[in-house]
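# only geometry, no sequence info:
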């Protein structure tokens, strides 16, 4: 089996496994399309070398693919590094305020992803009873209540004092989570470090946005399954780039 056939066979296996595990989803389609675009670099080289115009187009395309692959690897590496460097509850400094980033609500109940985030927040609260907890999330079209209210109800049912909970119920994106929560922090005259609580794959983006907007922050994350982490890490690539640009525009333009 020559090198190209080996690469093609490997791509087919990876693509089939991604569809088997994640179905026809953004992550599986993104992975398959990305592998195909990279494969074109290898297959079109000889054909395009016979014509100077095609060769020019090919070289431009190759540069674009190199930038794409490099940026993807860099971002995924930063996400993994951030997960590895994130402290656990016992090692996080005593912080006055935490922000729990919202996720999908099923009707009026928190989803498993959101439950894991709230459980991690509760774990920290149980060691620091005076901490203020900003629960951030608005209401989606398929949600019966705001994510913030569902989060508040879950925390209270698990022993968190309702007086420690502050609802931010307008945000529909991660960037808005941080923007609207920052307004609450400013109203509270909170100048200290803030604890960002979310899922492992999501923490880098949340902390990056907070840092760009001038919020000194620490991170605390719930742990996802390997499959779930891979799935969402792929989705983090385009959303992180979009939020990076929008955060810079919001903060400096």
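Yes, it's here. Source: prediction; values computed, not measured.
# assess the claim that residue 200 and residue 225 are in contact.
No: here residue 200 lies out of contact with residue 225, judged by C-beta atoms under 8 Å, at a distance of 10.3 Å. In this view, the C-beta of every residue, glycine as well, is placed from N, C-alpha and C.
# out of the two, which sits in the more crowded spot?
Using other C-beta atoms under 10 Å as the criterion, residue 200 and residue 225 rank with residue 200 on top: 23 against 8.
# quick one, what contacts the more buried one?
83, 86, 221, 222, 223, 224, 229 (C-beta atoms under 8 Å, 6 or more residues apart in numbering).
# ok, and the closest non-adjacent residue to it?
Closest residue to residue 200 in three dimensions, ignoring its sequence neighbours and counting by C-beta to C-beta, 6 or more residues apart in numbering: residue 221, at 4.4 Å.
# that neighbour belongs to a strand?
Yes: per DSSP: H, G, I helix; E, B strand; the rest coil, residue 221 lies within a strand segment.
# quick one: secondary structure of residue 145?
Here residue 145 is coil, with the state taken from three-state DSSP.
# and the gap between it and residue 220?
Counting by C-beta to C-beta, to the nearest Å, the separation of residue 145 from residue 220 is 25 Å.
# more neighbours, these two?
Neighbours per residue, other C-beta under 10 Å: of residue 145 and residue 220, the larger number sits with residue 220, 23 against 15.
# if we can go back for a sec, and the residue nearest to residue 200, what's its pLDDT?
Reported pLDDT at residue 221 in the predicted model: 96.
# OK, contacts around it?
Going by C-beta under 8 Å, 6+ apart, the list of residues near residue 221 reads 83, 86, 120, 197, 198, 199, 200, 202, 203.
# could I get those residues as TSV with pLDDT and distance to residue 167?
Below are the contacts of residue 221 laid out as TSV (pLDDT from 0 to 100; distance: C-beta to C-beta, whole Å):
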residue	pLDDT	distance to residue 167
83	94	28
86	92	26
120	97	19
197	98	15
198	97	17
199	97	20
200	96	25
202	97	20
203	97	22
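# most neighbours, which of those residues?
Within the contacts of residue 221, most neighbours by other C-beta under 10 Å means residue 198, with 29 neighbours.
# quick one, what contacts the closest residue to it other than its chain neighbours?
Across the structure, with C-beta to C-beta, 6+ apart as the measure, the residue nearest residue 198 apart from its sequence neighbours is residue 101 (4.1 Å). If you count contacts by C-beta under 8 Å, 6+ apart, residue 101 has them with 117, 136, 137, 174, 177, 196, 197, 198, 202, 206.
# just the strands in the stretch 101-250 of the chain please.
Chain-ordered strands for the stretch 101-250 of the chain, with DSSP state E, counting those that start in this stretch as the definition, fall at 105-106, 109-110, 132-136, 165-168, 194-199, 217-222.
# show me the contacts for the residue nearest to residue 102 when sequence neighbours are not counted.
What sits nearest to residue 102 in space, not counting adjacent residues and going by C-beta to C-beta, 6+ apart, is residue 137, at 2.2 Å. With C-beta under 8 Å, 6+ apart as the criterion, the residues that contact residue 137 are 101-103, 105, 146-148, 150-151, 168-169, 171, 177.
# roughly how far apart are the residue nearest to residue 200 and residue 113?
In this view, residue 221 and residue 113 are 12 Å apart by C-beta to C-beta.
# can you list residues touching both of these two?
With C-beta under 8 Å, 6+ apart, residue 221 and residue 113 have common neighbours residue 199.
# noted, bye for now.
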